[in-house]
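Participant: Fold the stuff below for me.
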Amino acid sequence: MTAKQEIKKIIEKITKEFSLENVNFSIEIPTDKNHGDYSTNIALLLSKKMGKKSLPDGRQAKELAEEIKKRIGENKIFEKIEIAGPGFINFFIKEKVFIDNLKQINKDYGKSSSLKNKKIVIDYTDPNPFKDFHIGHLMNNAIGESLSRIFEFNGAKVKRVCFQGDVGMHVAKAIWGKIKNPNLDWGKAYSYGSIMYEENENEKKEIQELNKKIYEKSDKEINKLYEQGKKLSLDQFDKIYKKLGTEFDDLIFESQVIDLGKKIVEKGLNNGIFEKGLPAQAGGKGAIIFKGEKYNLHTRVFINSEGLPTYEAKDLGLAELKYKKYKYNESVVVTANEQNSHFAVMLCAMEKVLPELAKKTKHISHGMLKLPEGKMSSRTGNIITADALIEKLEQLVNEKIKEKDFSEKEKLEVLKKVAIGAIKYSILKQSIGSDIIYDFDKSVSFDGDSGPYLQYSYARAKSILEKAKENKIKPSFKKIPEKITQLEKAMYYFPEIIEKANNNYQPNIIALYLIDLAREFNNYYSNNKIVDKAGEFSSYKVALTYAFAQIMENGLWLLGIKVLKKM
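Facilitator: Next comes the predicted model:
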């Protein structure tokens with residue numbers, strides 16, 4: 001049982017003694033280390049509850065905190081307990097607890113079985129063929145991949161799915177643009193087609209007709225161009241996935257869920273869930289809509305006036321297809337927050353037509369990744385591709401390491417891993433809902449709040465361990481210093497950090513923890529000679545370094561960031 005679990009057990013027992021149960025109290029790691037190793041707000045909460053109920057024991061929070069402290073009494077894991085502020089209870093843990101924990105740190109440290117026997121399908125990245133893979137997809141991929149690894153680390157069986165639009169107006173616009181100008185690449189062909197669709201009525205009708213032919217597969221030449229473009233896009237996406245360290249279990253395309261989605265909507269129409277829309281509401285006679293206003297949302301079209309399913313209907317089909325394939329306990333869908341209104345209506349409709357799947361579906365939306373120049377638009381061609389961003393970061397990293405002694409092979413490895421690490425950390429250090437304005441210089445810094453700083457800290461630890469090995473100093477806990485540091489304590493919290501990140505679907509909890517841990521280690525390194533044959537505690541310091549390196553390796557893996565032994 002961990003110290004936090006012990007505190008929780010004790011507090012729950014005391015709340016029962018006050019005839020109060022299921023009090024939603026918190027046990028937090030104080031930011032100010034002078035406030036102990038853990039702190040709880042239980043006295044403040046109990047004071048309010050007891051005051052409202054006019055219980056005989058009702059009293060001020062600080063007095064109640066003192067009473068709780070008295071009831072806890074002596075405990076083998078507490079060095080001392082203090083009352084602070086208006087009634088917080090601060091726990092100081094005995095150093096032996098932290099030392100005993102260090103002895104348990106190995107490659108599985110932080111893993112749990114909290115999601116054992118749970119199947120999770122996670123849908124993320126989702127670039128559309130015929131369009132560029134841009135920095136927005138990088139953001140989505142970083143978040144989705146990290147969540148996938150967090151679920152796996154907690155025992156879940158995870159299936160990674162990428163849902164891609166291989167049919168629809170964007171495809172028609174791209175193919176139309178390519179027909180008109182074969183020299184354009186697919187991204188620019190799409191932009192050209194989009195602009196002409198909006199600015200010229202004749203071109204708009206041509207693209208709409210082309211869209212029907214693509215759906216129907218009725219034109220051999222168009223089919224051939226379609227297959228060429230789709231293959232080229234998917235091949236390019238695969239190259240980017242390899243750079244990012246993502247391997248999808250399944251690529252699902254919109255063309256696979258069209259009929260399924262249409263049948264679900266038509267069945268819902270017969271049951272009164274959907275209805276026929278008027279031309280003014282839904283774009284034409286025959287469209288099928290979901291009246292979101294009934295649920296404080298807005299009306300959306302699920303089958304358009306030409307009888308073709310929209311994104312909303314396709315998402316219903318996708319949910320059913322994924323469940324048929326994987327029988328999941330939970331389906332996590334990661335998108336940009338630009339799709340929030342779409343998902344609000346779609347999930348509301350799903351509750352009516354696929355209620356059991358709706359209960360299993362969780363939508364996670366993230367902010368936008370922007371460059372200082374402003375927002376992108378693939379429609380106008382004003383976008384930054386993933387490859388362009390990665391290439392620019394590799395150039396910046398190259399400038400930083402040009403004086404270092406690397407072979408060409410080592411240099412190439414550093415450039416690739418550090419550039420990707422810089423991007424991923426810049427994304428994952430923010431809470432998922434936040435927009436990010438990308439700071440190139442900060443992202444590639446080897447000193448500070450950055451991915452390269454974490455990789456550098458790990459490489460430093462591995463270098464120390466290699467030096468210890470050369471000097472025949474083995475890690476050992478036989479001789480322990482009289483006083484431990486904040487480094488030992490920081491490493492104790494890693495499993496709790498993973499649990500919190502998992503429960504909250506927030507990788508940034510891990511990212512921020514790793515930065516604090518790296519700072520503690522580098523501070524320790526600055527104040528201690530670790531490899532020292534004459535040092536009484538050198539073996540202990542080497543063991544501490546080993547533990548730090550293992551936690552960093554596990555933590556960076558959870559963020560999808562690759563480690564380096566030399567930087």
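Participant: which residue ranges form the strands in the protein?
Facilitator: Counting by DSSP state E, one finds strands in the chain at the ranges 27-28, 38-40, 78-84, 88-93, 119-123, 157-164, 250-253, 275-276, 288-290, 300-303, 330-336, 361-366, 369-370, 436-437.
Participant: How about the contacts made by residue 303?
Facilitator: Contact analysis of residue 303 by CB atoms under 8 Å, 6 or more residues apart in numbering lists 262, 265, 266, 287, 288, 309, 310, 313. C-beta: built from backbone N, CA, C; applies to glycine.
Participant: Format the residues you listed as TSV; extra columns: distance to residue 66, neighbour count and pLDDT.
Facilitator: Shown next, in TSV, are those (distance: CB to CB, whole Å; neighbours: other CB atoms under 10 Å; pLDDT from 0 to 100):
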residue	distance to residue 66	neighbour count	pLDDT
262	67	20	95
265	63	24	97
266	67	16	95
287	68	22	91
288	66	23	95
309	65	29	90
310	63	20	92
313	62	30	97
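Participant: out of the residues you listed, who's nearest residue 38?
Facilitator: residue 313 (50.0 Å; CB to CB).
Participant: What residues does the residue nearest to that closest one when sequence neighbours are not counted make contact with?
Facilitator: Spatially, and ignoring its direct neighbours in sequence, residue 313 is nearest to residue 261 (3.8 Å; CB to CB, 6 or more residues apart in numbering). The contact partners of residue 261, by CB under 8 Å, 6+ apart, come to 302, 309, 313, 314, 315, 316, 317, 318.
Participant: Flag the shaky bits of the protein, pLDDT-wise.
Facilitator: Scanning the chain with the threshold set as pLDDT under 70 gives 51-59, 278-285, 373-382.
Participant: Against residue 5, how distant is residue 499?
Facilitator: Distance from residue 499 to residue 5, counting by CB to CB, to the nearest Å: 11 Å.
Participant: and if you look at residue 548?
Facilitator: From residue 548 to residue 5 the distance is 24 Å (CB to CB).
Participant: Those two: which has the busier surroundings?
Facilitator: Neighbours per residue, other CB atoms under 10 Å: of residue 548 and residue 5, the larger number sits with residue 548, 28 against 11.
Participant: my read: the more buried one touches residue 485, true?
Facilitator: No - using CB atoms under 8 Å, residue 548 makes no contact with residue 485, being 11.5 Å away.
Participant: before we move on, back to that, same list, the strands of the chain, but as a markdown table with distance to residue 239 please.
Facilitator: Listed next are those as a markdown table, based on distance: least, CB to CB, whole Å:
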| stretch | distance to residue 239 |
| --- | --- |
| strand 27-28 | 44 |
| strand 38-40 | 47 |
| strand 78-84 | 55 |
| strand 88-93 | 49 |
| strand 119-123 | 21 |
| strand 157-164 | 14 |
| strand 250-253 | 15 |
| strand 275-276 | 46 |
| strand 288-290 | 39 |
| strand 300-303 | 35 |
| strand 330-336 | 21 |
| strand 361-366 | 24 |
| strand 369-370 | 20 |
| strand 436-437 | 24 |
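Participant: for those strands, which one sits closest to residue 412?
Facilitator: Here strand 369-370 is closest among these (CB to CB), at 25.9 Å.
Participant: Report the two of the contacts of residue 303 separated the most.
Facilitator: 266 and 310 (13.6 Å).
Participant: Enumerate every residue touching the closest residue to residue 319 other than its chain neighbours.
Facilitator: Excluding its sequence neighbours, the residue lying closest to residue 319 (CB to CB, 6+ apart) is residue 357, at 4.9 Å. Residue 357 is in contact with 319, 320, 323, 331, 350, counting by CB under 8 Å, 6+ apart.
Participant: how far away is the residue nearest in space to the middle of the chain from residue 12?
Facilitator: Per CA atoms, centre = their mean, the C-alpha nearest to the average position across the chain is that of residue 143, at 3.0 Å. Residue 143 sits 34 Å away from residue 12, going by CB to CB.
Participant: for residue 70, same thing?
Facilitator: 17 Å.
Participant: So these two - more neighbours on which side?
Facilitator: Comparing residue 70 with residue 12 by other CB under 10 Å, the one with more neighbours is residue 12, at 14 against 9.
Participant: so who does that one touch?
Facilitator: So residue 12 contacts residue 21 (CB under 8 Å, 6+ apart).
Participant: One more pass at 6 Å, please.
Facilitator: Counting by CB atoms under 6 Å, 6 or more residues apart in numbering, residue 12 touches no other residue.
Participant: I'd like to know how far it sits from residue 305.
Facilitator: Applying CB to CB to residue 12 and residue 305 gives a distance of 59 Å.
Participant: One more: residue 421?
Facilitator: In terms of CB to CB, residue 421 sits 49 Å off from residue 305.
Participant: now swap in residue 503 and tell me
Facilitator: 45 Å.
Participant: Who has more neighbours out of those two?
Facilitator: Neighbours were counted for residue 503 and for residue 305 using other CB under 10 Å; residue 305 has more, 15 against 12.
Participant: count of neighbours near residue 391?
Facilitator: Residue 391 has 11 nearby residues by other CB under 10 Å.
Participant: For it, give its distance to residue 423.
Facilitator: Counting by CB to CB - residue 391 and residue 423 are separated by 12 Å.
Participant: Likewise for residue 351?
Facilitator: Taken as CB to CB, the span from residue 351 to residue 423 is 37 Å.
Participant: how about the helices in the stretch 401-550 of the chain?
Facilitator: Secondary structure of the stretch 401-550 of the chain, counting by DSSP state H, counting those that start in this stretch: helices at 408-428, 440-443, 451-470, 486-492, 494-504, 508-527, 538-559.
Participant: what residues are up against the residue nearest to residue 46 when sequence neighbours are not counted?
Facilitator: Sequence neighbours aside, residue 64 is the residue nearest to residue 46 in space, at 5.8 Å (criterion: CB to CB, 6+ apart). If you count contacts by CB under 6 Å, 6+ apart, residue 64 has them with 43, 46, 47.
Participant: can you pull the contacts of residue 220?
Facilitator: Here residue 220 is in contact with no residue (CB under 6 Å, 6+ apart).
Participant: Could you find the closest non-adjacent residue to residue 273?
Facilitator: Nearest non-adjacent residue to residue 273 (CB to CB, 6+ apart): residue 352, at 4.5 Å.
Participant: how many neighbours does the spatially closest residue to residue 246 that is not a sequence neighbour have?
Facilitator: In space, and not counting its chain neighbours, residue 246 is closest to residue 145: 5.1 Å by CB to CB, 6+ apart. Neighbours of residue 145 under the rule other CB under 10 Å: 26.
Participant: Okay, residue 145 and residue 371: tell me how far apart.
Facilitator: Relative to residue 371, and taking CB to CB, residue 145 is found at 22 Å.
Participant: Then residue 403?
Facilitator: 28 Å.
Participant: quick one: which of the two has more around it?
Facilitator: Remark: of residue 403 and residue 371, residue 371 carries more neighbours, 15 against 7, as counted by other CB under 10 Å.
Participant: what's across from that one in the sheet?
Facilitator: residue 374 (DSSP bridges).
Participant: For residue 266, see how far away it is.
Facilitator: 44 Å.
Participant: do the same with residue 91
Facilitator: 60 Å.
Participant: got the angle for the helix of greatest length in the chain vs helix 408-428?
Facilitator: Looking across the chain with DSSP state H, the single longest helix is helix 220-244. Helix 220-244 runs at 100 degrees relative to helix 408-428, counting by axes from the mean of the first three to the mean of the last three CA atoms, to 10 degrees.
Participant: Figure out how far helix 220-244 is from the centre of its chain.
Facilitator: 27 Å (CA atoms, centre = their mean, to the nearest Å).
Participant: That one: which residues count as buried?
Facilitator: 222, 225, 226, 229, 230, 233, 234, 236, 237, 240, 241, 244 (16 or more other CB atoms under 10 Å).
Participant: could those go into JSON lines alongside distance to residue 202?
Facilitator: What follows is the buried residues of helix 220-244, written out as JSON lines (distance: CB to CB, whole Å):
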{"residue": "222", "distance to residue 202": "19"}
{"residue": "225", "distance to residue 202": "21"}
{"residue": "226", "distance to residue 202": "22"}
{"residue": "229", "distance to residue 202": "23"}
{"residue": "230", "distance to residue 202": "27"}
{"residue": "233", "distance to residue 202": "28"}
{"residue": "234", "distance to residue 202": "32"}
{"residue": "236", "distance to residue 202": "32"}
{"residue": "237", "distance to residue 202": "33"}
{"residue": "240", "distance to residue 202": "37"}
{"residue": "241", "distance to residue 202": "39"}
{"residue": "244", "distance to residue 202": "42"}
